[in-house]
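Undergrad: Any chance you can model this:
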Amino acid sequence: MKPALVRSRGVRLERVAASPRWDGERFRNTHPAPRGVPGVAMPSLSDFVCGGDRRVPQAPLPSLNPLDTWARAPQSGLRATWLGHSTVLLEIDGYRVVTDPVWGPRASPSRFIGPKRFQPVPVSIREMPPLDAVLVSHDHYDHLDYTTMRLMRRMDVPVITSLGVGAHLEAFGIAPERIVELDWWETCRVPGTDLVMTAAPSQHFSGRGIQDGNQTAWSSWVIESQQHKIFFSGDTGLTPEFAEIRQRLGPFDLSMLEVGAFHPAWGNIHLGPANALQAHRLLGGGALLPIHWGTFNLALHAWDDPIETLLRLAPASDSRLLLPRLGAPVEPEREFAIETWWRGIDDHSRKPKPSPNARMPKAMPWPID
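TA: Residues are numbered from 1 along each chain as shown. This is a model prediction of the structure:
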């Protein structure tokens, strides 16, 4: 059974209270990020249940099993394998980091309702190669997954996360000595490696229920080896702080930015494809790997709208896109031809049906991610 909602206590709470972004009751963004745009109505529960077309693909997305490729070191020293949503295995100069690992069947506190995966992860968690670090950006269900963390609790690997999230991890069975919580601009070196992880600003919110909103922090992340730097957005809206991240921590060989689950009424707590390109420019360019799409039905747009919009807008921004299919390892420093592998999955002559996966439990914070 999943543990009840938990909050930081003791030393964890002292660190939370010392954060410049803690106002005494909850974490806040540096810049105002109202959840709403004048003249755009908030989607209702009915909208999530019945609204929107083509929110779920009509067939599984094509995927590859990366195990054979993982058995060989990347020629450039840097390789990324998108495993779905915000879960990416990063191979960085001999080390491995997985971001926001989610293997569970639903992004939900319930096994029976809430957004369901379009398809399984290309590899099981037991098939994953040895890891050097696990990175969890924030506590939303599509980024911090109980099922996955229960499977990871016996792994002798550090879990690096934002302030306050450690209480959840410990409740899920992760040994406290394996948990590292960071506030923005704080860094840690992964034991036994030369990897340095830095928590950086993002513009979002947190919570796993209706009574714990913004009790934990949210962060973007920079992962740095002696040869490479990677930016991982977690969940965020467009913020001028990306320019500061570039100045203090860039430039980046690879930026992984969220493009999916967006709606104008949500204001600036998610990027969407257009703002992802703006964020990429502020971060200084480099290769762009879109994440946070193609896995869960979390918004009202068509499941492939984020990637189609990104592909349409990218030429004007001069961004170098990496669009690998699920499970396909890609080295950002090598030539990579764009393949529109997601097209043809849907039969557009068929009338779309409302997805049962859109049902949202009443206890879910809105929006879910």
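Undergrad: Any stretches of the stretch 1-150 of the chain with poor pLDDT?
TA: The model of the stretch 1-150 of the chain has pLDDT under 70 over residues 1-5, 34-39, 44-51.
Undergrad: Do a quick rundown of the strands in it.
TA: 78-84, 87-92, 95-99, 133-136 (DSSP state E, counting those that start in this stretch).
Undergrad: For Leu144, find the nearest of these.
TA: strand 133-136 (5.4 Å; CB to CB). For the C-beta atoms, the positions are set from N, CA and C on the backbone; glycine is no exception.
Undergrad: Would you mind extracting the C-alpha trace of the closest one into PDB?
TA: The C-alpha coordinates for strand 133-136 follow below in PDB (Å, rounded to 0.1, in the frame of the first residue of the first chain):
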ATOM      1  CA  ALA A 133      22.800   8.300  -9.800                       C
ATOM      2  CA  VAL A 134      19.000   8.700  -9.900                       C
ATOM      3  CA  LEU A 135      17.700  12.200 -10.400                       C
ATOM      4  CA  VAL A 136      14.200  13.200  -9.300                       C
END
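Undergrad: Run the chain-centre distance for that strand.
TA: 11 Å (CA atoms, centre = their mean, to the nearest Å).
Undergrad: quick one, phi/psi of Val180?
TA: Backbone torsions for Val180, taken as degrees, to the nearest 10, come to phi -120, psi 120.
Undergrad: Distance check, the closest residue to it other than its chain neighbours against Phe27.
TA: Closest residue to Val180 apart from its sequence neighbours, by CB to CB, 6 or more residues apart in numbering: Ile160 at 4.7 Å. Taking CB to CB, to the nearest Å as the measure, Ile160 falls 18 Å from Phe27.
Undergrad: The strands of the stretch 1-150 of the chain into a markdown table, with extra columns for mean neighbour count?
TA: Shown next, in a markdown table, are these (neighbours: other CB atoms under 10 Å):
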| stretch | mean neighbour count |
| --- | --- |
| strand 78-84 | 24 |
| strand 87-92 | 23 |
| strand 95-99 | 23 |
| strand 133-136 | 26 |
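Undergrad: Identify whichever of the ones you listed lies nearest to Ala328.
TA: Across the strands of the stretch 1-150 of the chain, closest to Ala328 is strand 78-84 (CB to CB), at 7.0 Å.
Undergrad: quick revisit: I'd like the strands of the stretch 1-150 of the chain written out as a markdown table, with distance to Arg21 added.
TA: Output for the strands of the stretch 1-150 of the chain, formatted as a markdown table (distance: least, CB to CB, whole Å):
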| stretch | distance to Arg21 |
| --- | --- |
| strand 78-84 | 29 |
| strand 87-92 | 26 |
| strand 95-99 | 22 |
| strand 133-136 | 18 |
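Undergrad: closest to Arg12 out of these?
TA: Here strand 133-136 is closest among the strands of the stretch 1-150 of the chain (CB to CB), at 14.7 Å.
Undergrad: What is the closest one packed up against?
TA: In terms of contacts (3 or more CB pairs under 8 Å, 6 or more residues apart in numbering; DSSP states H and E), strand 133-136 is packed against strand 95-99, strand 159-162.
Undergrad: Same list (those strands) but as a markdown table, adding distance to Val11.
TA: Below are the helices and strands packed on strand 133-136 laid out as a markdown table (distance: least, CB to CB, whole Å):
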| stretch | distance to Val11 |
| --- | --- |
| strand 95-99 | 25 |
| strand 159-162 | 15 |
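Undergrad: Bridging across strands, which residues link to the residue nearest to Val180?
TA: According to DSSP bridges, Leu135, Val180 are recorded as the beta-bridge partners of Ile160.
Undergrad: Also Trp22?
TA: Beta-bridge partners, per DSSP bridges, of Trp22: Phe27.
Undergrad: looking at it, Trp184 is touching Ser219, isn't it?
TA: Yes: in this structure, Trp184 is within contact of Ser219 by CB atoms under 8 Å, at 6.3 Å.
Undergrad: Compare neighbour counts for those two and give me the winner.
TA: Counted by other CB atoms under 10 Å, Trp184 and Ser219 do not tie: Ser219 has more neighbours, with 31 against 21.
Undergrad: what residues are up against the more buried one?
TA: 137-138, 162, 182, 184, 199-202, 234 (CB atoms under 8 Å, 6 or more residues apart in numbering).
Undergrad: make it 6 Å
TA: For Ser219, the contacting residues are 137, 162, 199, 202, by CB atoms under 6 Å, 6 or more residues apart in numbering.
Undergrad: quick revisit: in this structure the residue nearest to Val180 contacts Glu181, no?
TA: No: at 8.1 Å, Ile160 and Glu181 do not qualify as touching, with contact defined as CB atoms under 6 Å.
Undergrad: between Ile160 and Phe27, who's got more neighbours?
TA: Ile160 (27 against 23).
Undergrad: Can you give me the separation between that one and Ser233?
TA: Distance from Ile160 to Ser233, by CB to CB: 16 Å.
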